[in-house]
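Need a 3D model of the following:
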Amino acid sequence: MALFKRLRDLTMATVNDLLDKAEDPVKMVNQFIRDMEDDIGEAEVAVAKQIAIEKRFLEQRDEAAALVQKRAEQAERALELGNEELAKKALQDKIDQQTRYETYASEYTKAKTMADELRQRLGEMKDELLKMKSKREMLVARADAAKAQKQINHTMSSFGSGSAAAGFARMEEKVNQLEAEAEASSELRGSGKSLDDELKGLESESQLDQEMAALKAKMAAKKTDS
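Predicted structure coming up:
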């Protein structure tokens, strides 16, 4: 009896404490359930032994009851046949068997009461195990959700942080600098014309002047004719 009470008290009183102290609640609950299953296995053995004792006392009680009835009938039959001495022997054994019957009946009652109580305790343990398994499924889901939320929170805490923003700003400034350098390089290239380039420019300008002078002369001639 103390075993069942201890196991039940352990189930009710320590599971929350174990979960609070556990680094991984899911692993701890799985281990706790395995321990409960082991305890239930031991309890089933104890219940089976008690049931065997109960059945044995029942058999002995019924055997004694049958002998009481049998000796009573034999004593009556012996007396009918005129054998009083044999009838007395049968009656004496009937009395002895009656005593055995009462002893076995008492022991059977005790054994049955004990077996019934152990069955009830075992049933409570199994019910508690089923509840724990159901809670485990819920706990696993909650643990997974908590881990996901923790991961998201961790990611979000670093997302858009001061260091990231500062780094982004540095990269933007670097791009701006590269663009400015490229523009300056282009301007320097334009101002650094070669002699050939300058001569070609003069030729282009001279040709343009010639074309312009010819156009002016043509227009002046038209005015004169008119």
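
Now stretch 85-103: buried residues?
Across stretch 85-103, burial judged by 16 or more other CB atoms under 10 Å covers 87, 90, 91, 93, 94, 97, 98, 100, 101. Where C-beta positions appear, they are placed from N, C-alpha and C, glycine not excepted.

Next step: those residues restricted to helices.
87, 90, 91, 93, 94, 97, 98, 100, 101 (DSSP state H).

I'd like to know how far the fourth one sits from residue 56.
As defined by CB to CB, to the nearest Å, residue 93 lies at a distance of 22 Å from residue 56.

Quickly find the element holding residue 69.
Using DSSP states H and E, the element containing residue 69 is helix 25-80.

go on, residue 82?
Using DSSP H and E, residue 82 sits within no helix or strand.

Can you give me the neighbour number for the closest residue in space to residue 111 that isn't next to it in sequence?
Among residues not flanking residue 111 along the chain, residue 54 sits closest, at 4.1 Å (CB to CB, 6 or more residues apart in numbering). Residue neighbour count, defined by other CB atoms under 10 Å, stands at 21 for residue 54.

now swap in residue 109 and tell me
By other CB under 10 Å, neighbour count at residue 109 equals 14.

again, but for residue 225
Residues within reach of residue 225, counting by other CB under 10 Å, total 6.

Kindly report the same for residue 31.
Look at residue 31: counted by other CB under 10 Å, it has 13 neighbours.

now swap in residue 130 and tell me
When counting by other CB under 10 Å, one arrives at 10 neighbours for residue 130.

so what's it up against?
With contact set as CB atoms under 8 Å, 6 or more residues apart in numbering, residue 130 has no partners.

okay, the buried residues of stretch 85-103 in TSV with pLDDT and distance to residue 212 next?
Compiled in TSV, these are given as follows (pLDDT from 0 to 100; distance: CB to CB, whole Å):
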residue	pLDDT	distance to residue 212
87	92	168
90	93	162
91	94	163
93	94	159
94	94	158
97	94	153
98	95	154
100	96	150
101	96	149
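
how far is the helix or strand in which residue 117 is found from where the chain is centred?
Here residue 117, judged by DSSP H and E, is contained in helix 84-158. Here the centre of helix 84-158 is set off from its chain's centre by 27 Å, with CA atoms, centre = their mean, to the nearest Å.

just the angle between it and helix 25-80, please?
Computed by axes from the mean of the first three to the mean of the last three CA atoms, to 10 degrees, the angle separating helix 84-158 from helix 25-80 equals 170 degrees.

Name the nearest residue to residue 61, sequence neighbours excluded.
Here the residue nearest residue 61, using CB to CB, 6+ apart, is residue 104, at 3.8 Å.

Distance of residue 75 relative to residue 68?
Going from residue 75 to residue 68 by CB to CB gives 11 Å.

tell me, what's touching these two both at once?
residue 94.

Quick one: mean pLDDT for the strand or helix carrying residue 210?
Per DSSP H and E, residue 210 falls inside helix 195-225. Averaged over helix 195-225, pLDDT sits at 70.

what do you get for stretch 47-57?
Across stretch 47-57, the per-residue pLDDT values average to 95.

again with stretch 119-136
Averaging pLDDT along stretch 119-136 gives 89.

spatially speaking, which residue is in the middle of the protein?
Centroid check for the chain by CA atoms, centre = their mean gives residue 140 as the closest residue, at 2.4 Å.
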